[in-house]
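Undergrad: Here is a sequence with its predicted model. Questions after.
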Amino acid sequence: MATTKTTRASANGATPAPQVTTVAEVTTRLATWLRRLPPPQERIDRLLAELDERFAGRTEPITEDACVEIERVAWPYSRHLRLDYDRDGTGTPDEEDPGWSEPDPEAVALSAAQVRQVSRLDGGACLIRLDGFEPLSIAQPYLDGAFALARGATAILLDLRANVGGYPETVAYLAGRLLSGKAVKLSEVTYRDYQRHWWTPDLPAGSAVPADVPVAVLVSSRTFSSGEALAYHLQARGRVVVGERTPGAADHITDIRLAATVTGELPFGYSTDSVTGTNWEGRGVVPQVKCAAGDAVDAALAHFR
């Protein structure tokens, strides 16, 4: 789940990092960041123990296959953790968390902020397909346009089956559109030194989907991160989720270079829904209406009938 960073962390103070080349060195560097970035949690402690047990003696050079192996060991504890290998990489390992760079507004505009489809179905239902959540400051006009086209629909099918996540402020805005339109607390994100609370916005009268219009959220095994967040928050507030169980990635992440050839997406905070008091990490969002992802539209319409 990408998010704007407001603090910076240091892995080893001001001392330049040595060139990291072996599997053991990469996992040691990874463990250092996992002790400093996320808030203390039992699952992170168990992940650290697993990394030490599995990789401490591995002196062979780091490879793409080894990165995949480390990921698979990490996923039961942090489904978001990812390592990318670039054989020709020459970058210096990070000593401070660089945070996420802001996306190119022109690139966001070319994709219409990931609004991939808005269409009316037989019977008057409206399908809105969102494949990601760009920063709200750029995405809002495209999202508002999608909901304008949905005005008067007999039902809303929010298609997140290919949604890989994005910015939490956009999740909160969309939740407000699909709930009452009044400000309600949606979630809190716990970081090492502070918490951030996310609320849906107070929207102008008539902006939100009317309360008597049913909403279905379509998900798949590819729905990830903030895509899962929106589905989970809406499900916790009475909206129906249709499709396949999602992977279960509830952490907020940051991008860290662990070696010249390896960068990682590492957890530094976790989300908690304000209604359930928990999240979907490791469990995924479990649909009320279970079906293959390709059958989700028909299953949602049948559910409404």
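TA: Now that the structure is in, tell me what you want to look at.

Undergrad: Mean pLDDT per element in the protein, and the minimum belongs to which helix or strand?
TA: When each helix and strand of the chain is scored by mean pLDDT, DSSP states H and E, helix 105-110 comes last, with a mean of 93.

Undergrad: And the next helix or strand past it?
TA: The helix or strand immediately downstream of helix 105-110 is strand 115-120, counting by DSSP states H and E.

Undergrad: For that next one, buried residues please.
TA: Residues of strand 115-120 classed as buried by neighbour count (16 or more other C-beta atoms under 10 Å): 115, 116, 118. Bear in mind the C-beta positions are built from the backbone N, C-alpha and C, glycine included.

Undergrad: mind checking how far the first one is from residue 294?
TA: It refers to residue 115. 21 Å (C-beta to C-beta, to the nearest Å).

Undergrad: What helices and strands are in contact with the strand or helix carrying residue 303?
TA: Applying DSSP H and E as the criterion places residue 303 in helix 296-304. The helices and strands touching helix 296-304, judged by 3 or more C-beta pairs under 8 Å, 6 or more residues apart in numbering; DSSP states H and E, are strand 156-159, strand 215-219, strand 240-243, strand 289-290.

Undergrad: ok, and which of the ones you listed has the densest surroundings?
TA: strand 215-219 (a mean of 28; mean count of other C-beta atoms under 10 Å).

Undergrad: Measure how far that one is from the centre of its chain, please.
TA: On the basis of C-alpha atoms, centre = their mean, to the nearest Å, strand 215-219 sits 17 Å off its chain's mean C-alpha point.

Undergrad: go on, stretch 53-68?
TA: 27 Å.

Undergrad: And for stretch 207-226?
TA: 15 Å.

Undergrad: okay, how far is it across that stretch, tip to tip?
TA: Distance between the two ends of stretch 207-226: 22 Å, counting by C-alpha to C-alpha, to the nearest Å.

Undergrad: List the buried residues of stretch 145-162.
TA: Residues 146, 147, 150, 153, 155, 156, 157, 158, 159, 160, 161, 162 are the ones in stretch 145-162 that count as buried (16+ other C-beta under 10 Å).

Undergrad: And the strands in this protein, which stretches?
TA: 82-85, 115-120, 126-130, 156-159, 185-191, 195-199, 215-219, 240-243, 251-259, 262-273, 289-290 (DSSP state E).

Undergrad: could these go into TSV alongside distance to residue 58 and mean pLDDT?
TA: TSV is the format used below for these (distance: least, C-beta to C-beta, whole Å; pLDDT from 0 to 100):
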stretch	distance to residue 58	mean pLDDT
strand 82-85	14	97
strand 115-120	42	97
strand 126-130	41	98
strand 156-159	42	98
strand 185-191	31	96
strand 195-199	37	97
strand 215-219	37	98
strand 240-243	39	98
strand 251-259	14	95
strand 262-273	14	96
strand 289-290	40	98
